[in-house]
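**Student:** starting from these lines, generate the structure:
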Amino acid sequence: MTDIKMPYMDGIELTKRIKEAYPETKILFFNGFDEFEYAKEAVHMEVEEYILKPINSIELKEVFTKLHAKLEHEVSEKRNAEMLQKYYMESLPLLQANFYTMLIEGRVEKEKMGQYLSDYQITLSAPYYCCIVIHTSANQVPEDMSPLLLSTLVRKQAEERLAEKRQVKSFAYLGNLVMIVSLEKEKEITDLTDACDRFCKYAYRFVGAVVTAGVGLVCENLLELPRSYNGAREAVSYRVLYGASRAINIREIVPQKLTKSGTDNDVDLSNLFKMIRLGSRDAIRKAVDQYLQQPSFSGDSLQEHYIAVMDLVNELYRFSVNNDILTEEILGDTRELCDRLFDLVPDMLHKWLVDISFSLAEQLASARSRSTNSFVTEAKQFIYNNYADEGLSLDDICKSLGVSTSYFSTVFKKETGKSFISYLTEFRMERAARMLVETDEKNYVIAGNVGYSDPNYFSYVFKRQYGVSPSKYRMEYKEK
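**Tutor:** Numbers count the residues shown, from 1 in each chain. Next up, the predicted model:
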């Protein structure tokens, strides 16, 4: 409360300074002069009351009662705002998880993306993105732990270990842990796969959890994450072929052009393609049964049936092309095929689709085998060209081939029966043995030529391979 007319500093100046230091302070002016300029300045400075003197107690009481009510209202509003903010912050993790779910399901509109990221305080601004699906087996759980507790522990460990050097958003979805990972470079996907593989082995070793990590395709846009997620989820299902407690990168196990049919909205058809890739003949036949039970095949509308048949042929064609299968050998001319299928009774259509699915499964298995053979051949050629390099490592060959170390190790051992180190060591020893009998080079020179800078260690490895030292090996050969 202040008078306007005062010595040293008037009420207007005092109010300015108070408002600067304490903006929420309420000011009451008392003045004996009914002057318009003072009143206008008071309004401009948001003064609560401008009271002319003299003033009686009743009027003053009314002013304070009014001001008290106003203060109470402001305090109440502030508390409500703080409470709402508190509720919002407590709900933020749930809101974020809900947004991530919408994102991988493809339910986020491009125009609303920025608003969602802002409202939910989410930072996703890297050039590239990738989805990881981490599956924890509920059938192989330590005796002293429940499946729910085990999954919680796996999630905590995964968030700590995989997000240590990366920007990662994680959430639970359909019983799995899903991670959205930001990448600076597309090639980082190989290192990410290896990190996931190390985590799976760590989880089994120290936690007793059987964990499989599926790594999806790299994408440049958040709106493409559904495709990456579906790829990661499909990669996890390949554990029936490659084993659990490991990371599986969909790009490494499926031909480079991932079929769109695998991410089609038609769940039954998607399941059929999944069984063609992974399932037994019985599983494929069951998936065909499920697919052909759709109303479009069993209903009364002939037009719907024709459309369904054409869609089926189109999806089969795309599946074949995208998986590098010769379509002519499997499907023939698509127009003639549609005409022929239109006339097939349900039993015959069922038999045709089962036979086609079996053929596609065989072709896919053959394509995988050819791809694996080519992959191993390239690896052997790389070893042949670089075996003399002392620093040759597993990382070098994987980087050259563009695959993760976990995938390379699994495939290479499956095809050759040996680990990379064992194969490299045997190859070097074979080359050294030939040099010992075909040249007169000193042992230390030969050691250097096959990638060993330490002659003593070379002799140790050679003797372990052939049972005798390099010198004795050469001597015995010459005596023969």
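
**Student:** now residue 245. Nearest residue, chain neighbours left out?
**Tutor:** Leaving aside its chain neighbours, residue 245 sits nearest to residue 204 (4.6 Å; criterion: Cβ to Cβ, 6 or more residues apart in numbering). (C-beta placed from N, C-alpha, C; glycine too.)

**Student:** isn't that neighbour up against residue 213?
**Tutor:** No. Between residue 204 and residue 213 no contact is recorded; they are 11.9 Å apart, counting by Cβ atoms under 8 Å.

**Student:** now do the contacts for residue 101.
**Tutor:** Each residue near residue 101 by Cβ atoms under 8 Å, 6 or more residues apart in numbering is listed here: 171, 173.

**Student:** re the thing from before, show me which of residue 204 and residue 213 is the more surrounded one.
**Tutor:** Ranked by neighbour count (other Cβ atoms under 10 Å), residue 204 and residue 213 place residue 213 first, with 32 against 17.

**Student:** measure that one to residue 356 for me?
**Tutor:** Separation of residue 213 from residue 356 (Cβ to Cβ, to the nearest Å): 33 Å.

**Student:** please apply the same query to residue 55.
**Tutor:** Residue 55 sits 98 Å away from residue 356 when distances are taken as Cβ to Cβ.

**Student:** higher neighbour count, the two?
**Tutor:** residue 356 (19 against 12).

**Student:** and the more buried one, which helix or strand is it part of?
**Tutor:** Taking DSSP states H and E as the criterion, residue 356 maps to helix 346-386.

**Student:** report all helices and strands that that helix contacts.
**Tutor:** Applying 3 or more Cβ pairs under 8 Å, 6 or more residues apart in numbering; DSSP states H and E, we find helix 346-386 packed against helix 267-278, helix 281-292, helix 295-298, helix 302-322, helix 327-330, helix 394-401, helix 405-416, helix 420-438.

**Student:** ok, which of those helices comes nearest residue 454?
**Tutor:** Nearest to residue 454, of all the helices and strands packed on helix 346-386, is helix 420-438, at 13.3 Å by Cβ to Cβ.

**Student:** got the angle between the closest one and helix 346-386?
**Tutor:** Interaxial angle, helix 420-438 versus helix 346-386 (axes from the mean of the first three to the mean of the last three Cα atoms, to 10 degrees): 50 degrees.

**Student:** helices or strands next to the helix or strand following helix 420-438 in the packing?
**Tutor:** Scanning forward in sequence from helix 420-438 by DSSP H and E, the next helix or strand is helix 443-449. Packing partners of helix 443-449 (3+ Cβ pairs under 8 Å, 6+ apart): helix 420-438, helix 455-466, helix 470-479.

**Student:** pLDDT below threshold where in the stretch 1-150 of the chain?
**Tutor:** Where the stretch 1-150 of the chain drops to pLDDT under 70, the residues are 33-45.

**Student:** that one: strands as residue ranges?
**Tutor:** Taking DSSP state E, counting those that start in this stretch, the strands of the stretch 1-150 of the chain run over residues 2-3, 28-31, 49-52, 128-136.

**Student:** from residue 311, how far off is the residue lying closest to residue 295 once chain neighbours are set aside?
**Tutor:** Nearest residue to residue 295, sequence neighbours excluded (Cβ to Cβ, 6+ apart): residue 304, at 7.5 Å. Distance, residue 304 to residue 311, by Cβ to Cβ: 10 Å.

**Student:** do residue 20 as well
**Tutor:** 72 Å.

**Student:** which of those two has more neighbours?
**Tutor:** Between residue 20 and residue 311, counting by other Cβ under 10 Å, residue 311 is the more crowded of the two (14 against 8).

**Student:** show the contacting residues for the more buried one.
**Tutor:** By Cβ under 8 Å, 6+ apart, no residues touch residue 311.

**Student:** please begin residue numbering at 14 from this point
**Tutor:** Fine by me, first position is 14 from now on; the one you just mentioned is residue 324.

**Student:** pLDDT at it, what is it?
**Tutor:** At residue 324, the pLDDT value in this model is 81.

**Student:** same check on the one 4 residues further on?
**Tutor:** The pLDDT attached to residue 328 in the predicted structure is 83.

**Student:** what number of residues lie near it?
**Tutor:** 19.

**Student:** thinking it is in contact with residue 282, fair?
**Tutor:** Yes. Under the criterion of Cβ under 8 Å, residue 328 makes contact with residue 282 at 6.1 Å.

**Student:** residues in contact with the host helix or strand of residue 227: which ones?
**Tutor:** In this structure, residue 227 sits in strand 224-228 according to DSSP H and E. Counting contacts by Cβ under 8 Å, 6+ apart, the residues outside strand 224-228 that touch it are 143, 145-150, 167, 202, 205-206, 209-210, 212-213, 216-217, 244-252, 257-264.

**Student:** okay, now the sheet partners of it, with direction.
**Tutor:** When pairs are called by DSSP bridges, strand 224-228 turns out to pair with strand 141-149 (antiparallel), strand 259-262 (parallel).
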